[in-house]
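Undergrad: any chance you could fold what I've pasted below:
(chains A and B)
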Amino acid sequence: MSKLLEIALGIVTGIGGFLEAGSLATAAQAGAAFGYQLAWALLLGVVCIAFLVEMAGRLAAVSRHTLPDAMRERFGIAFFLVPLVTVALVSFLVLASEVGGVCLALQFASGVSLRWWTIPVVLLLWLFLWKGTFGLVEKGASLLGLVTLAFVVGAVRLHPDPGKLAAGLLPSLPHQDPASYWFMAVSIVGASVSPYLFYFYSAGAIEDEWDEDYIPINRIIAGLGMTFGGGVAVAVLVCAALVLHPAGIQVDRYEQIPLLLASPLGRAGFWLFVASLGVACFGAALEIALQLAYLAAQGFGWRWGENLRPREASRFALVYTVALPLAGLLIATGIDPLKLTVFSMALTALSLPVTVVPLLVLMNDPDYLRERTNGWISNTAVLAVSVVACIVALVAIPLELFGS
Amino acid sequence: MHTGTRRIRPGGLLTIGAALLMACCRSAEAKAHDAAQQLRSWDATEVLLGRLRAAVPEQFAAQIRRAAAEARPRAEAQLREALSP
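TA: All right, here's what the predicted structure looks like:
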């Protein structure tokens, strides 16, 4: 495949794969409650995830190690268990949110309660992973995810004021309800910087057999793919800021969110929203379930690979076979999918130092990266965003939990 | 690898303590404000739904009305509790 085609496909994958339950829900809530004022949190998250994805790809291309594999080797199994358990827990909650997102899309389309959809959705997800290949999961789901560009069309049709949007990209203090403001800010950062994104990307680079020739391609894909993908999340925020915010609607339930596309695009907008939610969450659920399997298999040194038959990598297949029904079970218990999504994202922000600092140590180790270690800009940017997001989450989560 | 005794620093404890204290001491006025805002938000949702009647299928409109009917009593109860002496 020509390099140009690979770059184009990588960027398209970034765009189609960026939006999922977390980024959709947090951007819609933020736009509805605070207009453009929280756009800076999205920008911060996108910059941070672009750096992290680039690092994960570079580590794989230079050292031929996936992230969990390198962490276990570099820090030892006892230390490795801390990020392993943290990432696994957070990813499991995010997986449940994504399964909930697919079930909700089906509920919106059919009127049949989301609980009835959990078993068919979990079965379909499992079947895709059991029978599918890595290319199908990565590229197939992301290409279908291009339907989320409907939010960009919706945002353009609402004629946002570029000056006001640009002003929202600069961090500012809230005019009202500071607890909600900071909670939403960390949820947005958590949604953008989900560890599954860069863990999955690192495993994908090994599955695709990247070497050092891929470093420039990796940089372009990480930079442009994540930036354009983040643009879709900004479009969701713009739609919410122009449809829900002026009407005085705060997003308390997922049912309120489709209105933000139905308003600029009519009935087509409603169905595009349903398709976007369903496809984006389905793709994300596939990636997260697979990432949980990668994490366990690479961390414990089992045989792994989505391109292998399940019987050739049985423990790897067992992980997603167990994770998917458990995630479905959590949704079937009747837990509020929106609350689950937003709290999963805030917890992701809280756990960032645990997931990011070991990666930064690896990225500055010449034994792994040789002359391609990190520069000070990427180190500072990622460390600053992770630590600040964690501190704000530490204060904002109890406030949101016990305050309302 | 670090093998020393794990300790939570006093600064960290203070931050967590302050956050929990602020959360528990949230004023009744703030709780009433939240509940009233939620009620207004559901009213506004139904107004917008009315304007977009042609853009959403009837079964979905029924889902929104059901969500509003579930959320309203909770918000009203929260408002009553916050306003009671």
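Undergrad: show me what counts as buried in the helix ranked longest in chain B.
TA: In chain B, taking DSSP state H as the definition, the longest helix is helix B:58-83. Neighbour-count burial for helix B:58-83, with 16 or more other C-beta atoms under 10 Å in any protein chain shown as criterion, is recorded at B:60-61, B:63-64, B:67-68, B:71, B:75, B:78-79, B:82. Using the backbone N, CA and C atoms, a C-beta is placed for each residue, glycine as well.
Undergrad: what is the mean pLDDT for that helix?
TA: If you average the pLDDT over helix B:58-83, you get 92.
Undergrad: what is that helix packed up against?
TA: If you count contacts as 3 or more C-beta pairs under 8 Å, 6 or more residues apart in numbering or on different chains; DSSP states H and E, helix B:58-83 packs onto helix A:77-110, helix B:28-51.
Undergrad: could you measure from A:Val153 over to A:Leu265?
TA: According to C-beta to C-beta, to the nearest Å, A:Val153 stands 7 Å off from A:Leu265.
Undergrad: more crowded one of these two?
TA: Higher neighbour count among A:Val153 and A:Leu265: A:Leu265, with 21 against 17, using other C-beta atoms under 10 Å in any protein chain shown.
Undergrad: please, which helix or strand holds that one?
TA: Counting by DSSP states H and E, the secondary-structure element that holds A:Leu265 is helix A:259-300.
Undergrad: circling back to that earlier point, okay, the helices and strands packed on helix B:58-83 in JSON lines with mean neighbour count next?
TA: Rendered in JSON lines, the data for those read as follows (neighbours: other C-beta atoms under 10 Å in any protein chain shown):
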{"stretch": "helix A:77-110", "mean neighbour count": "22"}
{"stretch": "helix B:28-51", "mean neighbour count": "17"}
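Undergrad: of all the ones you listed, which one is nearest A:Asp365?
TA: If you check each of the helices and strands packed on helix B:58-83 against A:Asp365 by C-beta to C-beta, helix A:77-110 wins as the nearest, at 14.4 Å.
Undergrad: so what's A:Ser172 closest to, chain neighbours aside?
TA: Nearest-residue entry for A:Ser172: A:Gln37, 6.2 Å, with adjacent residues in sequence omitted and distances by C-beta to C-beta, 6 or more residues apart in numbering or on different chains.
Undergrad: and what of A:Ser351?
TA: Spatial nearest neighbour of A:Ser351, chain neighbours left out: A:Thr86 (4.9 Å); criterion: C-beta to C-beta, 6+ apart.
Undergrad: touching, the one you found and A:Leu352? I think so.
TA: No. In terms of C-beta atoms under 8 Å, A:Thr86 does not count as a neighbour of A:Leu352; the distance is 9.7 Å.
Undergrad: rewinding a little: now the buried residues of helix B:58-83 as JSON lines including distance to A:Thr333?
TA: As requested, the buried residues of helix B:58-83 are exported to JSON lines (distance: C-beta to C-beta, whole Å):
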{"residue": "B:Phe60", "distance to A:Thr333": "24"}
{"residue": "B:Ala61", "distance to A:Thr333": "27"}
{"residue": "B:Gln63", "distance to A:Thr333": "20"}
{"residue": "B:Ile64", "distance to A:Thr333": "23"}
{"residue": "B:Ala67", "distance to A:Thr333": "18"}
{"residue": "B:Ala68", "distance to A:Thr333": "23"}
{"residue": "B:Ala71", "distance to A:Thr333": "19"}
{"residue": "B:Ala75", "distance to A:Thr333": "23"}
{"residue": "B:Gln78", "distance to A:Thr333": "23"}
{"residue": "B:Leu79", "distance to A:Thr333": "28"}
{"residue": "B:Ala82", "distance to A:Thr333": "29"}
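Undergrad: list just the nearest of the residues you listed to A:Trp126.
TA: Of all those, the one with the least separation from A:Trp126 (C-beta to C-beta) is B:Gln63, at 27.6 Å.
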